[in-house]
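In: predicted model and sequence follow; I will ask about them next.
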Amino acid sequence: MCGRYTLYHDEQDLTELFELDAFAWAPRYNIAPTQTVPIVRQGRDGRERLDARWGLVPAWVKEPGTFKALLFNARSETVGEKPSFRDAARSARCVVPASGFYEWRAEDGGKRPYYVHRRDGAPMALAGLYAERPRGEPARSATILTTEPNELMATLHDRMPVVLEADAFARWLDPDTRDVGELADLLRPVASELLEAYPVDRAVGDARLDEARLIQRV
């Protein structure tokens with residue numbers, strides 16, 4: 001699962017990683033579903049950075065306001081089959097830039113949030129899907145793919161977001177690949193040794209808070 005994440009890396013780091021002309025975005029420390037997030041897709045003239053609502057509304061939904069499902073995650077094993085995701089899996093794949101993400105674990109005294117990030121300090125790239133519509137809100141929406149957990153994440157949850165390495169971007173974003181089954185090897189859990197997880201303040205559970213202190217170890 002991935003229900004909260006962060007994006008606070010330097011714009012230059014993100015520009016270089018995703019091979020973009022520019023990547024303007026204010027630092028965020030507690031991004032929650034329904035909020036606006038940046039995504040990266042393959043455009044006609046190169047990669048593009050766009051805004052989307054986190055929570056996919058399939059393109060076939062005629063009245064977005066009546067669609068109640070909050071599809072902020074999609075199981076990578078079934079995106080090619082589920083009606084809500086299969087069209088996007090064929091032709092609207094994207095990457096969601098992140099600095100890290102939060103996961104909760106049941107412990108004595110209640111659930112404790114943990115912050116997960118790359119040990120090397122580099123930004124993350126999460127595999128995603130998006131949908132667009134000519135009218136109605138949201139005009140563009142997105143979801144983050146999840147997979148089975150690696151050894152580290154298994155101590156926190158039974159799912160984790162799909163973390164892509166830079167050398168996988170071109171394949172994942174390639175619009176000529178219509179069968180997501182051909183990309184199954186990219187949708188596996190990232191190696192545990194690449195990640196670090198540590199406990200943080202329970203205040204991260206309040207989506208109204210967006211402060212750097214939320215990622216501090218407690």
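Out: It's in.

In: in contact with the residue nearest to the spatial centre of the chain, which residues?
Out: Geometric centre of the chain, nearest residue: Ile144, 4.0 Å, by C-alpha atoms, centre = their mean. Contacts for Ile144 (C-beta atoms under 8 Å, 6 or more residues apart in numbering) come out as Cys2, Tyr5, Trp54, Phe72, Asn73, Ala74, Val96, Leu126, Ala127, Gly128, Pro161, Val162. Every residue, glycine included, has its C-beta placed from N, CA and C.

In: how close does it sit to Gly109?
Out: If you measure Ile144 against Gly109 using C-beta to C-beta, to the nearest Å, the figure is 29 Å.

In: quick check, Ile144 in a helix?
Out: No. Ile144 is assigned strand when assessed by DSSP: H, G, I helix; E, B strand; the rest coil, not a helix.

In: break down this structure into its helices, ranges please.
Out: Secondary structure of the chain (DSSP state H): helices at 11-17, 86-91, 169-173.

In: what's next to the second one, contact-wise?
Out: Yep, that's helix 86-91 we're talking about. 56, 58-60, 79-80, 129-131, 143, 175, 178-180.

In: now do it: distance to the chain's middle.
Out: 16 Å (C-alpha atoms, centre = their mean, to the nearest Å).

In: got the CA positions of that helix in PDB?
Out: Extracted C-alpha coordinates of helix 86-91, given in PDB (Å, rounded to 0.1, in the frame of the first residue of the first chain):
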ATOM      1  CA  ARG A  86      -6.700  -1.900 -17.900                       C
ATOM      2  CA  ASP A  87      -7.100   1.000 -20.300                       C
ATOM      3  CA  ALA A  88      -4.500   3.100 -18.500                       C
ATOM      4  CA  ALA A  89      -2.200   0.100 -18.200                       C
ATOM      5  CA  ARG A  90      -2.200  -0.200 -22.000                       C
ATOM      6  CA  SER A  91      -1.700   3.400 -22.900                       C
END
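
In: before we move on, back to that, tell me which of the contacts of Ile144 fall in strands.
Out: Judged by DSSP state E, the contacts of Ile144 include Tyr5, Trp54, Asn73, Ala74, Val96, Leu126, Ala127, Gly128, Pro161 as members of strands.

In: who wins on neighbours among those residues?
Out: Across the ones in strands among the contacts of Ile144, neighbour numbers were computed from other C-beta atoms under 10 Å; Gly128 holds the maximum, 30 neighbours.

In: beta partners of that one?
Out: Cys94, Ile144 (DSSP bridges).

In: tell me the contacts of it?
Out: So Gly128 contacts Ile39, Arg93, Cys94, Val95, Val96, Ala142, Thr143, Ile144, Leu145 (C-beta under 8 Å, 6+ apart).

In: run the last query once more with 6 Å
Out: Neighbouring residues of Gly128 by C-beta atoms under 6 Å, 6 or more residues apart in numbering: Cys94, Val96, Ala142, Ile144.

In: and the last one, how far is that from Met1?
Out: For Ile144, the distance to Met1 under the criterion C-beta to C-beta works out to 9 Å.

In: can you check the first one too?
Out: Distance from Cys94 to Met1, counting by C-beta to C-beta: 19 Å.

In: more neighbours, the two?
Out: Between Cys94 and Met1, counted using other C-beta under 10 Å, the more crowded position is Cys94 (25 against 18).
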